[in-house]
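Peer 1: how would this look folded up:
(one chain, ligands or ions: 1)
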Amino acid sequence: MLRIAYFGPQGTFTEQAARALAPGEDLTPYETVRLALQAVRDGAADAACVPIENSVEGVVPATLDGLSDGDPLVATAETILPIHFSVLKRPGDGGIRTVASHPHALAQVREWLEANLPDATPVASSSTAAAAVGVVEGDFDAAVSAPVAIEHYPLEELATGVADVRDAQTRFLMVRRPGELPAPTGADRTSIVAAAVNRTGTLSDLLVELAGRGINLTRIDARPTRNNFGEYRFFIDFEGHVAEPRIIDAMTALRRRSHLRFLGSYPRADEVAATIEDGAGNQDFLDAQAWVDAVLKGEGA
Ligand SMILES: O=C(O)C(=O)Cc1ccccc1
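Peer 2: Predicted coordinates:
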């Protein structure tokens, strides 16, 4: 049985994602994303499930920083969950003066809180389930939690189906120590982080390598390197798998132009097939390489 670390405690959205990605495996909660990733680096876990980005609030900074620092880890799978919340309180208790949750959750229910609990002060907690634990222990009066949290904690629902933005989604990754890559499926995503010297056109130079090969981006985010003010790392997701000739060609170009870290090639949860531009398919790259090989052997021109 695989040992899967996840961003807990029990009852987080990430636990739901881990159950979807690794059904029947041995799941262990860790209080922070950093600790879940560390468990994999230390060998205490075979893989970790962590949130990476939300359709409303954007990236989860702890995950980006945790993947770009420290020993390399690579994503082998992703899943996307619909996100709406339950607001939980202690049974029978009256006034709600504080309402706690993960910052991503609070940001997604701001309007609901203003309309329904205008006198409650929002308080950030490490996760949605940590907020529920805090309510049980009397630290806060209410928690904005994943709907499954009610199954783990002796609380009652003040409201369910809470969300300012309908159809919000969060994407989660399963990451491991580098090893065998998942096989290409034709509907894959590759994640990289690139750091390049700060000069005119650096980012555009990287993007041109992808655009010029007809490779479609699915996300780009910048995070500070944290060492030198004004220096950034670029987290780039694009369609395709590093085992494909067209992606190999792009990766070697990116590697020449930046300090590159590979964060994984894995099947897309939405199964959307990669966009292939005319003349930029894998066979086109193979044919071009075969032509160069023939030229080198004096067999063609
Ligand atoms: O705190 C959780 O439950 C998480 O898994 C992180 C999170 C927070 C808000 C929306 C989606 C995921």
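Peer 1: The most centrally placed residue in the chain: what's it in contact with?
Peer 2: When C-alpha atoms, centre = their mean is applied to the chain, the residue found nearest the centroid is Ile52 (1.9 Å). With contact set as C-beta atoms under 8 Å, 6 or more residues apart in numbering, Ile52 has these partners: Val59, Val60, Thr63, Leu64, Glu78, Arg171, Phe172, Leu173. Just so you know, the C-beta spots here come from the backbone N, C-alpha and C atoms, and that holds for glycine as well.
Peer 1: do the same with Val175
Peer 2: Taking C-beta under 8 Å, 6+ apart, we find Val175 in contact with Leu37, Val40, Ala47, Ala48, Val50, Leu67, Leu73, Val74, Ala75, Thr76, Gly264.
Peer 1: out of those, who's nearest the ligand?
Peer 2: Lowest distance from the ligand to these (C-beta to the nearest ligand atom) belongs to Val50, with 8.5 Å.
Peer 1: helix/strand/coil for the residue nearest to the centre of the chain?
Peer 2: Three states are possible here, and by DSSP: H, G, I helix; E, B strand; the rest coil the one that applies to Ile52 is strand.
Peer 1: I'd like the distance from it to Leu217, if you could.
Peer 2: When C-beta to C-beta, to the nearest Å is the yardstick, Ile52 and Leu217 sit 15 Å from each other.
Peer 1: Where does Pro91 sit: helix, strand or coil?
Peer 2: Three-state assignment for Pro91 (three-state DSSP): coil.
Peer 1: In which helix or strand does Phe262 reside?
Peer 2: Per DSSP states H and E: Phe262 is located in strand 259-267.
Peer 1: Tell me the helices and strands packed up against that strand.
Peer 2: For strand 259-267, the helices and strands in contact under the criterion 3 or more C-beta pairs under 8 Å, 6 or more residues apart in numbering; DSSP states H and E are strand 74-82, strand 169-176, strand 188-195, helix 245-257.
Peer 1: Which among these is found nearest to Val99?
Peer 2: Distances from Val99 to each of the helices and strands packed on strand 259-267 were compared by C-beta to C-beta, and the smallest falls on strand 169-176, at 20.0 Å.
Peer 1: Dump the C-alpha coordinates for that closest one into PDB.
Peer 2: Written as PDB, here are the backbone C-alpha positions of strand 169-176 (Å, rounded to 0.1, in the frame of the first residue of the first chain):
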ATOM      1  CA  GLN A 169     -12.700  24.700  -8.800                       C
ATOM      2  CA  THR A 170      -9.400  23.800  -7.200                       C
ATOM      3  CA  ARG A 171      -6.700  21.800  -8.900                       C
ATOM      4  CA  PHE A 172      -4.600  19.400  -6.800                       C
ATOM      5  CA  LEU A 173      -1.300  17.600  -7.600                       C
ATOM      6  CA  MET A 174       0.100  14.200  -6.500                       C
ATOM      7  CA  VAL A 175       3.800  14.700  -6.200                       C
ATOM      8  CA  ARG A 176       6.700  12.100  -5.700                       C
END
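Peer 1: what angle sits between that strand and strand 188-195?
Peer 2: Here the directions of strand 169-176 and strand 188-195 differ by 80 degrees (axes from the mean of the first three to the mean of the last three C-alpha atoms, to 10 degrees).
Peer 1: and the direction of strand 169-176 versus that of strand 74-82, what angle?
Peer 2: An angle of 160 degrees separates the directions of strand 169-176 and strand 74-82 when computed by the same axes, to 10 degrees.
Peer 1: Tell me which strands strand 169-176 pairs with, and in which orientation.
Peer 2: Paired strands of strand 169-176, with direction, are strand 47-54 (antiparallel), strand 74-82 (antiparallel) (DSSP bridges).
Peer 1: Single out the most deeply packed of those.
Peer 2: strand 47-54 (a mean of 25; mean count of other C-beta atoms under 10 Å).
Peer 1: what does the chain put close to the ligand?
Peer 2: Within the chain, the positions lying close to the ligand (C-beta under 6 Å from any ligand atom) are 7, 12-14, 51, 54, 83, 102, 104-105, 127-129, 146, 170.
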